[in-house]
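> for reference, the sequence and a predicted model appear below.
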Amino acid sequence: MQRLYRARILNPTRTQCVTEYRDGALVVDADGRILAVGSYARVRPRFRAAKIVHYAGRLLMPGLVDTHIHLPQLDQRGKHGATLLDWLERYIFSAESRFADLSVAEDISRRFFKKLILNGTTTSMVFTTIHTQSTALAFGLAMASGLRVIMGKVMMDQHSPKSLQEATHRSLNDSAWLCSEWDGMAGGRIRYAFTPRFAPTCSETLMRETGKLVEASGAYLQTHIAETVAENSAVKTLFPRLHDYVHLFERTQCLGPRHLFAHAIHLSPSEYRRLARADAAIAHCPLSNLFLKSGRMPIERVEQSGVKWGLGTDVGAGPSMSMFAVMRHADYIQPDRSVEPMVALHRATRGGAEALGLDRETGSFAKGKWADFIVIDIAGIDPVYRLAELSKAEVLSLLMYRGDGQAIESTYVAGNKLDVDGF
Ligand code: GUN
Ligand code: ZN
């Protein structure tokens, strides 16, 4: 049955443009695809048979897109570490080792997907741990949650704690098996990402063979790059023949259009240009970068290069699951330029979908895309606010600087209202 959702609608149409319909309509077919978006007065006569769902006094916008998040780190948020390495060694590696136990993996995975729904994140790109069975279990829960999820088992075959180190062939075989089992499930809602953790914990052989698997499968690759100066120095020592950091991914053929690089803070203009030329993308995680004092992504270089970029929470180095919190920190972290609400909203929705190569599927409202959207009650931020009294600019600014999960009333993926108690 067709449904027509009536509400105030925001639609990020271009980088600097959010289109608004104060009395808007979003029409969705029985499969969960968008048939039309526009003003209620114009759209309604074309869809007389549609069942109307009226969200009076509510805002409806595309679901949020988190391009970088770690499932096993859900409960590690807010634990102080002096540096990235210190934090990984004090909390993260031991937390990830516990995923050898399927009951731990099940509990945390279930709560993780519930939190995504509660925060209005409809699409996410997720790291699990090295554990194959726990990752399979997480995929099962991702399917059941109804969310759009790109996910992969972490790969690491060197310079890692004993409990998290795998043999190279096992890492490759298990990842290939998970990809064959899960990539493209639920009509493409579930996708696989090969996940070499970062260069220091991955041998060159692992990287090279992973590049081949990505190519052969058409799946994604996700990793971290140039998050801290110390990491860059370690990579230089471990791979002395490299010209620079990006060269490693070029040399191992791990660079292409479905390749997501988290952080990418400490790179040269040439490296950003080469990422752009390969049509790769960056997951910018400003809240995590502030938390670990990793540095600032040079947004001016990134934009000059034309490389695609989205935003990521990077939970658990990022203490918040809310993409609104990430949006405001994208602005706070830049000392001498503004990232305006309209631009931040674009990056948290349509720009993120573009970074993931999903802009024909989700991230904004257009005929043929999936109906992935959230319903926002602005009074959830503060009961003093009345949506009808706020301008578009005020709404965008409030969402960005004060928004969090409290503002999210409902989360829909492919036209289905997601139920946190349903899985
Ligand atoms: N670099 C390698 N592993 C990690 C991780 O788990 N979190 C962050 N923020 N950086 C990393
Ligand atoms: Zn990360």
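Structure's in. What do you need? Because the structure is a prediction, the values reported are computed rather than measured. Ligands and ions are numbered 1, 2, ... in the order given.
> now the helices for the stretch 1-150 of the chain?
40-43, 84-87, 93-97, 102-118, 132-145 (DSSP state H, counting those that start in this stretch).
> for those helices, which one ends up most surrounded?
helix 132-145 (a mean of 21; mean count of other Cβ atoms under 10 Å). Where you see a C-beta, it was placed from the backbone N, CA and C, and this is true even at glycine.
> circling back to that earlier point, how about the helices of the stretch 1-150 of the chain in JSON lines, adding mean pLDDT and distance to residue 374?
Shown next, in JSON lines, are those (pLDDT from 0 to 100; distance: least, Cβ to Cβ, whole Å):
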{"stretch": "helix 40-43", "mean pLDDT": "98", "distance to residue 374": "19"}
{"stretch": "helix 84-87", "mean pLDDT": "94", "distance to residue 374": "31"}
{"stretch": "helix 93-97", "mean pLDDT": "98", "distance to residue 374": "29"}
{"stretch": "helix 102-118", "mean pLDDT": "98", "distance to residue 374": "10"}
{"stretch": "helix 132-145", "mean pLDDT": "98", "distance to residue 374": "15"}
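> mind giving me TSV with those helices and columns for distance to ligand 1?
Listed next are the helices of the stretch 1-150 of the chain as TSV, based on distance: least, Cβ to the nearest ligand atom, whole Å:
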stretch	distance to ligand 1
helix 40-43	43
helix 84-87	6
helix 93-97	8
helix 102-118	15
helix 132-145	15
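> can you put the ones you listed in CSV and add distance to ligand 2?
Putting the helices of the stretch 1-150 of the chain into CSV (distance: least, Cβ to the ion, whole Å) gives the following:
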stretch, distance to ligand 2
helix 40-43, 41
helix 84-87, 10
helix 93-97, 12
helix 102-118, 14
helix 132-145, 16
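> could I get these as CSV with distance to residue 412?
Listed next are these as CSV, based on distance: least, Cβ to Cβ, whole Å:
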stretch, distance to residue 412
helix 40-43, 18
helix 84-87, 35
helix 93-97, 32
helix 102-118, 10
helix 132-145, 13
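> which residues of this protein lie near ligand 1?
70, 84, 88, 92, 197-198, 224, 227, 288, 314, 317 (Cβ under 6 Å from any ligand atom).
> just give me the closest of those to residue 367.
Proximity of those to residue 367 was ranked by Cβ to Cβ; the top entry is residue 314 with 33.7 Å.
> which of the residues of the chain next to ligand 1 count as buried?
Burial by neighbour count, 16 or more other Cβ atoms under 10 Å: within those this picks out 70, 84, 88, 92, 197-198, 224, 227, 288, 314, 317.
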